[in-house]
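Visitor: From the sequence below, what's the structure:
(one chain, ligands or ions: 2)
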Amino acid sequence: MEAIQYSRPKLYEAQRKFVDCEARYTIVEASTKAGKTVACLVWLFEMAIKGKRGQHFWWIAPIFPQAHIAYERLKKWLNDSGLGREVWRANETKQQIEIGGRYIDFKGADDPDSLYGEDVQAAVVDEASRCKETAWHALRSTLTATKGPVKIIGNVRGRKNWAYQLARKAESGERDMAYFKLTAQDAVDGGIFSQAEIEDAKRMLPAGVFQELYLAEPSDDGGNPFGLKAINACRIDKQSIAPPVCYGIDLAKSVDWTWMIGLDRDGVECASNRWKSDWGQTRTRIIDDTGSVPTLVDSTGVGDPIVEDLCRAKMSIQGFKFSSNSKQQLMEGLAAAIQQGRVRFADELLINELETFEYEFTGRGVKYSAPEGLHDDGVCALGLAVRQMEEPKYAMDLNFSGMLAKAK
Ligand SMILES: Nc1ncnc2c1ncn2[C@@H]1O[C@H](COP(=O)(O)OP(=O)(O)OP(=O)(O)O)[C@@H](O)[C@H]1O
Ligand SMILES: [Mg+2]
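Guide: Ligands and ions are numbered 1, 2, ... in the order given. Here you go, the predicted model:
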């Protein structure tokens, strides 16, 4: 290539160590926001400009839209760097950046078939613990002919994934492999993260989630935010026969179940009912079954009018709208209640849902949900019931309406 003027953006020391590592397989287990994506974009770019015309360099993320984020970041960086358009250009359709005849392709591991074929000179697998193993196999085969190096980076996410296994091999000193760990403390020392932010995350997040996301240490719960031991400790043989002090209800969307969970004054499950029926029957059943017990109902998906209708019919019923933020708060409240033993349950189906529930780190925050193909209606209903039990705001509204009723 015609010589291009390039000065590397400033990387902090721990970043430089794995960027400059020449092992064929570099595996980095890292804290969130520690600068792994930026560092590896720098590396892949440098590999490309050191390469030859016609060669390909790949960036792989768990899904295509995530690869798009990295693509946009590199584009923005190139724009800001002042490198002229005669040196580089972007192909939006292919999600590809061409630099002097070398190609950096941004791909999603959700389509492993798209990862076969070309000879690849160097590659990055971002968020590796969330990439399909088949994608890694495909990438590995495209690197065979070229003997190209690869950097495999990501957050730690339980132990049951290929990235974790590979990291253990690298850590044990296997040939051609190098292992690095990048914690939130490294990022603080590198000046891109504040100590206060770590402390805040520690306070807010379930323990296992914090351990994985900030300390880069796997949790035995394999991505379960409640903790499998804690769930087990809250398990009881039989429902309570005491009266409920609150209900949480997850309304059926189009195909699934409406689930209603009641807790007694000690936080012990005293009702857990699920059913499928049309809206009219569901409405009647909710109104009849909840009596005057304070009830929190998920108003997402079915639309506000239905929940508004319920709230109009009963002062004791309130709606709760799920957004990614409010769901996160609800689930973190439920996780705290489970870990501190403030709630107990007997329903096996509910316990199954709690055990398979997962958190996912999306880059924008922590997202809580059931794995693909499974449900979390019971978990949501329980979260709502716990919220209703513990959140004085809702109780206050009810007392007020109770007083009004008495005054009449
Ligand atoms: N060496 C650096 N100097 C200054 N800022 C940096 C540096 N490295 C990363 N950053 C900034 O820190 C933030 C996090 O970086 P980056 O997205 O690369 O981290 P990450 O570990 O990939 O995070 P995530 O967990 O979201 O995937 C970004 O805003 C990035 O611009
Ligand atoms: Mg990243």
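Visitor: Tell me which helix or strand K75 sits in.
Guide: Applying DSSP states H and E as the criterion places K75 in helix 64-81.
Visitor: Run the chain-centre distance for that helix.
Guide: 21 Å (Cα atoms, centre = their mean, to the nearest Å).
Visitor: what packs against the next helix-or-strand element following that helix?
Guide: Counting by DSSP H and E, the element after helix 64-81 in chain order, helix or strand, is strand 88-91. When contacts are defined as 3 or more Cβ pairs under 8 Å, 6 or more residues apart in numbering; DSSP states H and E, strand 88-91 sits against helix 64-81, strand 96-99. (C-beta placed from N, C-alpha, C; glycine too.)
Visitor: what pLDDT does the spatially most central residue of the chain get?
Guide: By Cα atoms, centre = their mean, the mean C-alpha position of the chain lies nearest to E360, the distance being 1.7 Å. pLDDT for E360: 81.
Visitor: Quick check, it in contact with V366.
Guide: Yes: using Cβ atoms under 8 Å, E360 is in contact with V366, at 7.3 Å.
Visitor: Of all the residues in the stretch 51-200 of the chain, which one is nearest ligand 1?
Guide: I192 (4.3 Å; Cβ to the nearest ligand atom).
Visitor: Show me which residues of the stretch 51-200 of the chain are close to ligand 1?
Guide: With Cβ under 6 Å from any ligand atom as the criterion, the stretch 51-200 of the chain meets ligand 1 at residues I192.
Visitor: Can you show me the strands along the stretch 51-200 of the chain?
Guide: 56-61, 88-91, 96-99, 102-108, 120-125, 150-154, 177-182 (DSSP state E, counting those that start in this stretch).
Visitor: Please apply the same query to the stretch 251-400 of the chain.
Guide: 258-263, 269-275, 295-298, 317-320, 358-361, 366-369.
Visitor: Would you mind saying which of those lies nearest ligand 1?
Guide: So among the strands of the stretch 251-400 of the chain, strand 358-361 is nearest, using Cβ to the nearest ligand atom, at 6.6 Å.
Visitor: circling back to that earlier point, could you list which residues are in contact with the residue nearest to the residue nearest to the centre of the chain when sequence neighbours are not counted?
Guide: In space, and not counting its chain neighbours, E360 is closest to K367: 4.8 Å by Cβ to Cβ, 6 or more residues apart in numbering. Residues near K367 by Cβ atoms under 8 Å, 6 or more residues apart in numbering: 324, 328, 359-361.
Visitor: Please repeat the previous calculation with a cut-off of 10 Å.
Guide: 324, 327-328, 331, 358-361 (Cβ atoms under 10 Å, 6 or more residues apart in numbering).
Visitor: show me which of those neighbour ligand 1.
Guide: Answer for the contacts of K367 near ligand 1: none qualify (Cβ under 6 Å from any ligand atom).
Visitor: Top of those by number of neighbours, please.
Guide: The most crowded member of the contacts of K367 is Y359, carrying 25 neighbours; neighbours defined as other Cβ atoms under 10 Å.
Visitor: what's the pLDDT at the nearest residue to V188 once chain neighbours are set aside?
Guide: Using Cβ to Cβ, 6+ apart and skipping residues adjacent in sequence, the residue nearest V188 is Q195, 5.4 Å away. The score at Q195 is 94. That number is its pLDDT.
Visitor: Give me whichever of the strands of the stretch 251-400 of the chain is most buried.
Guide: strand 258-263 (a mean of 28; mean count of other Cβ atoms under 10 Å).
Visitor: Now do that one: which elements does it pack against?
Guide: With contacts taken as 3 or more Cβ pairs under 10 Å, 6 or more residues apart in numbering; DSSP states H and E, strand 258-263 sits against strand 246-250, strand 269-275, helix 279-290, strand 295-298, helix 348-356, helix 377-390.
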